[in-house]
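Peer 1: Dropping a prediction and its sequence here:
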Amino acid sequence: MKSPLLTPEQRRSQDVELGSDRGSAALATENAPSSAAIEDPAEDTGRFGNAYCRWTVLYAALIVVIAFSPLLFSICIPQYAAVVNAAVLMVFALVWVVIAVNALRNFHRLGTAPLPSLQALQSSQRRTFTHVVIVPCYLDPVEVLFDCLGSLLMQRDPQSLLVVVAFEATTPDLLRKERSVTDAFGSRFGHFLVTVHVVDHRREIAGGCSNKNFALHEAHRFLRQRGLARPGHAVTVTTCDTDSLFHPNYFHVLELMYNAKNPELLGAPQNCVWQSPLFYNWDLDERPFFNRVTCLLRSMMMLGGLVPFGLNPMSVFSYPLELGLRAGFINPRYGVDDIIAKVRWMCATNEAVPVELLPVPSISGPTIGTSLAHEYDEWARQIRRWIVGSSESFHFFLVHWRGRPLAAGVSWFCLFFCYYAVLLCCAGVNSVLAAAPYPWVAYPSVAVGGLRVSLRSAGLAYLLLQYLVFAVAFYLDAQARRLMTVRERVGWLRNVAHWLLAPPTLLWYSCIALASIVAFTWKGKRMARHDMAAKDGLEGRAADKAAPPPRPSRSTSTSVDAAKGDAKGAACALPL
């Protein structure tokens, strides 16, 4: 049974009631017997392995074989090649149709949340929350960071947020960014921390994994020092990108989903991750066709593939703190934290960790460049990073999985390989080779509705079905813009042109992914770093674009609770 999310008017009318309930709940939990302190995260005992002799070589070999299998079939079994290739195209078509149908179903779930059971409703009236939000910042303009933090400030209860802005020590203009962010937002949330991460090259690689892992350990240390572990108080972790914009109801809906999932007030939370659907409508109308088409397909594939298949979260997602503690948060020796998150949690807990839809949309900035050539480079860089990240997840699973959970582990592995290796890396190249007319191949005819159709036209039929599925992505984009009240200047002629260019774009996407996987086999682990995407061209929408001038000196503390104006032990000191 579903209930619509509150409208802004209903939300304002309930603020007074929920405010008194929240106060009584806090009093009840304070009077309850004290619980044990927050446990320590699992220790990181891993190390760098062989940079070249890894399961990623098998991953690349399988991808190459599948991608060029139509050509191999035409040479080895020319009498059956047309039938086999047509059957493979039919499977690809079926997968695309399933993704489109799932995307439509999940999109229409946005704005609804499950009604809690009576027990969950009783617990929700007493449970309080702290939401840890990790906001990394690398090369991004400070205006983009301000927009992200401003969207957090629009939440119905910003005092429940522990916002951690995670800088790297190599961040350009670090001092000015740190000071301007602290001055603007330091007293606006329940707690506000600024961390500066220095890469330990003995056990880390530079990138999102190591930076967010450091920020999460700092947040964990802060939670323990403030004694936030008490009965009836839940702590969630949310990670995002600098160019993420949160829905004003994001954490309210997260609490609804958490309460529905965990009806017992004092019980351990169930292991799961909530994924907010991502839409990339941040100046998306100004992007070239290959960028915009990729963003629209990516949104559809998240709604129709990543979440329904339970593969992995992406960019903006939330989970209970206890799940992060059991996994030791994030492995700092990998480059992409979201693709590897699900398999890491499964291996750490020996449980299936479902990916569940958080029915509120989020906006994420697309890749962007200052010129067309620069934008293409950034677009291709992101493709390479994600595909290499999928190869790393393949390797991680085969090394760390110990057979539990058996069914969920095998199912995840097969779906993961089919989605990333086959659909994203192989399908484009495979479909072109399968559709090519080979003179030495026999093409039988099949009866379709009383007509005899030659299998020579199987490639054309697959292309037409692709166009039908990709039309769903453009429909979802139009509906999402209405839902999020995003204004874009995209006429119908441009939409039609982008729709017609969608299959060639996906084909070139597959070519870049295929080349990246092959290159990964000889470049080794050093290619798995997290190359930051440029956002210099992204227009910030913060009300105040001006940043204060740099100060002559900076604090040596890397974890400062700006909301309370005190420092909690410097983890490292940076030279001035």
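Peer 2: Perfect, thanks for sending it. Residues are numbered from 1 along each chain as shown.

Peer 1: what about Gly389, helix or strand, and which?
Peer 2: Element membership of Gly389 [criterion: DSSP states H and E] is helix 372-400.

Peer 1: Go through the helix or strand following that helix and flag the buried ones.
Peer 2: Counting by DSSP H and E, the next helix or strand C-terminal to helix 372-400 is helix 406-416. By 16 or more other Cβ atoms under 10 Å, the buried positions in helix 406-416 come out as 408-409, 412-413, 416. From N, CA and C alone the C-beta is placed, and that goes for glycine too.

Peer 1: With respect to Ala478, which of those is nearest?
Peer 2: Nearest to Ala478, judged by Cβ to Cβ, of those is Phe416 at 30.6 Å.

Peer 1: For the closest one, which residues are in contact?
Peer 2: Taking Cβ atoms under 8 Å, 6 or more residues apart in numbering as the criterion, Phe416 is in contact with 311-312, 343, 390, 393-394, 397.

Peer 1: and with 10 Å instead?
Peer 2: Counting by Cβ atoms under 10 Å, 6 or more residues apart in numbering, Phe416 makes contact with 309-312, 339, 342-343, 390, 393-394, 397.

Peer 1: Same check on Ser457?
Peer 2: 86, 435, 437, 443, 445, 464.

Peer 1: ranking these by neighbours, who comes first?
Peer 2: The residue in the contacts of Ser457 with the most neighbours, by other Cβ atoms under 10 Å, is Ala86 (21 neighbours).

Peer 1: Show me the contacts of Ser457 that map onto helices.
Peer 2: 86, 435, 464 (DSSP state H).

Peer 1: I'd say Glu488 and Asp283 touch.
Peer 2: Yes. Between Glu488 and Asp283 there is a contact under Cβ atoms under 10 Å: 8.6 Å.

Peer 1: Pick out whichever of the two has more residues nearby.
Peer 2: Asp283 (16 against 13).

Peer 1: coming back round to it: ok, of the ones in helices among the contacts of Ser457, which one's closest to Ala515?
Peer 2: Of these, the one sitting nearest to Ala515 (Cβ to Cβ) turns out to be Ala435, at 20.9 Å.

Peer 1: correct me, but that closest one touches Tyr443?
Peer 2: No. Counting by Cβ under 10 Å, Ala435 sits too far from Tyr443 to count as a contact (11.5 Å).

Peer 1: Could you name every residue contacting both of these two?
Peer 2: Shared contacts of Ala435 and Tyr443, counting by Cβ under 10 Å, 6+ apart, come down to 85-86, 456-458.

Peer 1: ok, so of the residues you listed, who is nearest Gln225?
Peer 2: Nearest to Gln225, judged by Cβ to Cβ, of those is Asn85 at 62.2 Å.

Peer 1: Who are the contact partners of that closest one?
Peer 2: Asn85 sits next to 69-71, 73-74, 430-431, 433-436, 438, 441, 443, 455, 458-459 when contact means Cβ under 10 Å, 6+ apart.

Peer 1: now the helix holding Gly389, how far from the chain's geometric center?
Peer 2: Its chain's C-alpha centre and that of helix 372-400 lie 13 Å apart, by Cα atoms, centre = their mean, to the nearest Å.

Peer 1: That one - what's its average pLDDT?
Peer 2: What helix 372-400 shows for mean pLDDT is 90.

Peer 1: Please apply the same query to stretch 111-127.
Peer 2: Stretch 111-127 comes out at a mean pLDDT of 81.

Peer 1: Over to stretch 88-107?
Peer 2: Rounded mean pLDDT across stretch 88-107 is 96.

Peer 1: Next, the buried residues of it.
Peer 2: Under 16+ other Cβ under 10 Å, the buried positions of stretch 88-107 are 88-89, 92-93, 95-96, 99-100, 102-104, 106-107.

Peer 1: Kindly report the same for stretch 213-226.
Peer 2: For stretch 213-226, by 16+ other Cβ under 10 Å, it's 213-223.

Peer 1: would you put the C-alpha positions of the longest strand along the chain in CSV?
Peer 2: When the chain is parsed with DSSP state E, its longest strand is strand 128-137. Extracted in CSV, the C-alpha atoms of strand 128-137 (Å, rounded to 0.1, in the frame of the first residue of the first chain):
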residue,chain,number,x,y,z
THR,A,128,15.5,9.9,16.1
PHE,A,129,18.1,10.2,13.3
THR,A,130,21.5,11.6,12.5
HIS,A,131,22.3,11.6,8.8
VAL,A,132,26.0,11.6,7.9
VAL,A,133,26.4,13.2,4.5
ILE,A,134,29.8,12.9,2.8
VAL,A,135,30.3,15.7,0.2
PRO,A,136,33.7,15.3,-1.6
CYS,A,137,35.3,18.2,-3.4
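
Peer 1: quick one: the helices in the stretch 101-250 of the chain?
Peer 2: Using DSSP state H, counting those that start in this stretch, the helices of the stretch 101-250 of the chain run over 118-126, 142-153, 174-185, 208-225, 250-261.

Peer 1: Just put those helices in JSON lines and tack on distance to Pro277.
Peer 2: Listed next are those as JSON lines, based on distance: least, Cβ to Cβ, whole Å:
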{"stretch": "helix 118-126", "distance to Pro277": "24"}
{"stretch": "helix 142-153", "distance to Pro277": "15"}
{"stretch": "helix 174-185", "distance to Pro277": "26"}
{"stretch": "helix 208-225", "distance to Pro277": "21"}
{"stretch": "helix 250-261", "distance to Pro277": "11"}
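
Peer 1: between those helices, which gets nearest to Pro366?
Peer 2: That would be helix 142-153 among these, by Cβ to Cβ, at 12.3 Å.

Peer 1: Determine the angle, from 0 to 180 degrees, between the closest one and helix 174-185.
Peer 2: Counting by axes from the mean of the first three to the mean of the last three Cα atoms, to 10 degrees, helix 142-153 lies at 30 degrees to helix 174-185.

Peer 1: packing partners for helix 142-153?
Peer 2: Contacts defined by 3 or more Cβ pairs under 10 Å, 6 or more residues apart in numbering; DSSP states H and E place helix 142-153 against strand 128-137, strand 161-168, helix 174-185, strand 244-245, helix 250-261, strand 362-364.
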